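>>> what follows is a protein structure lacking sequence information:
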């Protein structure tokens, strides 16, 4: 007995894409089959797949060759009920962002659905949709809209915040488990995230799946920038991967950001950091007051592990942390600024005052960095005023400078604030 139908699609209107192989995505709403767990005595979608969530988007990916502006391909689809709509799409230029374009077509199953064991044909001309490469968000709904678009285009959409946003009672991760309100699979590819000096409050993640990072952005490539963003009262925990406030695995530039709250990892071999977990890019003019702990590996107040990869070298400059830091005994290193600093990674003018550690860098491999280069602020031999002066010297020309925090309610944990200046 057949479990699928065969649908032959012929799509025109693709001349400007050029000849060659591309990948189409076919989606429909509800009726996703749990492949391999089928009751062959049942025939309707509801009978065959009794545990299907009808609100879930289902999809299959199919490769096709374009010849003279037309793509012809076959797709094996499960039974789909009458009234559903098949959406066929191809998106190009995710990464260069100069011209992100969607080509879409629809097949409405208004008259009849798709039955297993049958053959269907659908001929359509695609519609071209130009996609904006930048968005703004000033509330939870607008942030959700950016998330949806950004995930669709694999992190290729810039974002600028226009107001403070409170996520405390929001749920943007799509899983109503009350453990997380932010997705763990968010990546940045050639993207600029500009917080505009605004705050995101209440970012919450408790993840345990393989490769799930507890952080705002799981990965930032070398062309991505996160700047001028302040995360308040984060509650981030991962038992399987990195944990950090802003970026888990950073190849790009993180600047002018701050984090408060609590960050922890229990995953062996994966770092935890207040701002960045594993840094192979640049972290500059950032500060952290969140407590950072890792029972599985390295932990740092600003960066868990400052790394190198091929010709890329992690750099941490003019950052500070006041949060408590702890790491796994015997298998990890903890530092007030950096947990582990690998060969050729650099640290410049960074300070710390948090409890739980005795050094600014837990482990330094081959760089001969001495403690005087990442000193503890103790109020006597090293003051926050002196720290601000040294960090500001290191930040000359960057557009960032530290100033004294005059707010008595926050100055203990955040003795210095950042301000933008003309480079």
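On my side now, so go ahead. Only a predicted model underlies this, so the values are computations on that prediction, with no experimental measurement involved. Residues are numbered from 1 along each chain as shown.
>>> pLDDT at residue 138, what is it?
Per-residue pLDDT puts residue 138 at 97.
>>> could you number the chain from 46 rather than 1 from now on?
Right, with 46 as the first residue, what we last looked at is residue 183.
>>> quick check: longest helix of the chain.
Taking DSSP state H as the assignment, the helix of the chain that covers the most residues is helix 185-197.
>>> which of the residues in that one are buried?
185, 187-188, 191-192, 194-195, 197 (16 or more other CB atoms under 10 Å). Placement of C-beta: from N, CA and C, glycine included.
>>> and those residues, which is closest to residue 464?
Closest approach to residue 464 among the buried residues of helix 185-197 (CB to CB): residue 188, at 25.1 Å.
>>> the residue lying closest to that closest one once chain neighbours are set aside - how many residues pack around it?
Among residues not flanking residue 188 along the chain, residue 182 sits closest, at 4.3 Å (CB to CB, 6 or more residues apart in numbering). Residues lying near residue 182 (other CB atoms under 10 Å) number 21.
>>> okay, and the beta partners of residue 182?
Each beta-bridge partner of residue 182 is listed here: residue 206, as defined by DSSP bridges.
>>> returning to what we had before: ok, residues contacting the longest helix of the chain?
136, 176, 180-182, 201-202, 204, 210-212, 215, 217, 228, 230-231, 236 (CB atoms under 8 Å, 6 or more residues apart in numbering).
>>> run the chain-centre distance for that helix.
12 Å (CA atoms, centre = their mean, to the nearest Å).
>>> between the buried residues of helix 185-197, which sits nearest residue 324?
If you rank the buried residues of helix 185-197 by distance to residue 324 using CB to CB, residue 195 comes first, at 22.1 Å.
>>> residue ranges with poor pLDDT in the chain?
Residue ranges of the chain with pLDDT under 70: 46-47, 76-101, 138-144, 219-223.
>>> chain neighbours aside, what residue packs nearest to the residue nearest the centre of it?
Compute the mean C-alpha point of the chain, and by CA atoms, centre = their mean the closest residue is residue 262, 2.3 Å away. Taking CB to CB, 6+ apart, and ignoring the residues beside it in sequence, residue 262 has residue 292 as its nearest neighbour in space, at 4.7 Å.
>>> and that neighbour, its phi and psi?
Comment: the main-chain dihedrals of residue 292 come out as phi -140, psi 140, following degrees, to the nearest 10.
>>> does it have beta-bridge partners, and which?
According to DSSP bridges, residue 262, residue 321 are recorded as the beta-bridge partners of residue 292.
>>> who's in contact with it?
233, 260-265, 271, 299, 320-322.
>>> save the residues you listed as TSV, and put in distance to residue 451 too.
Supplementary listing: the contacts of residue 292 in TSV, determined by distance: CB to CB, whole Å:
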residue	distance to residue 451
233	34
260	31
261	28
262	31
263	36
264	37
265	33
271	27
299	26
320	24
321	28
322	32
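>>> nearest to residue 433, of those residues?
The nearest member of the contacts of residue 292 to residue 433, counting by CB to CB, is residue 320 at 18.2 Å.
>>> with that, I have no additional questions.
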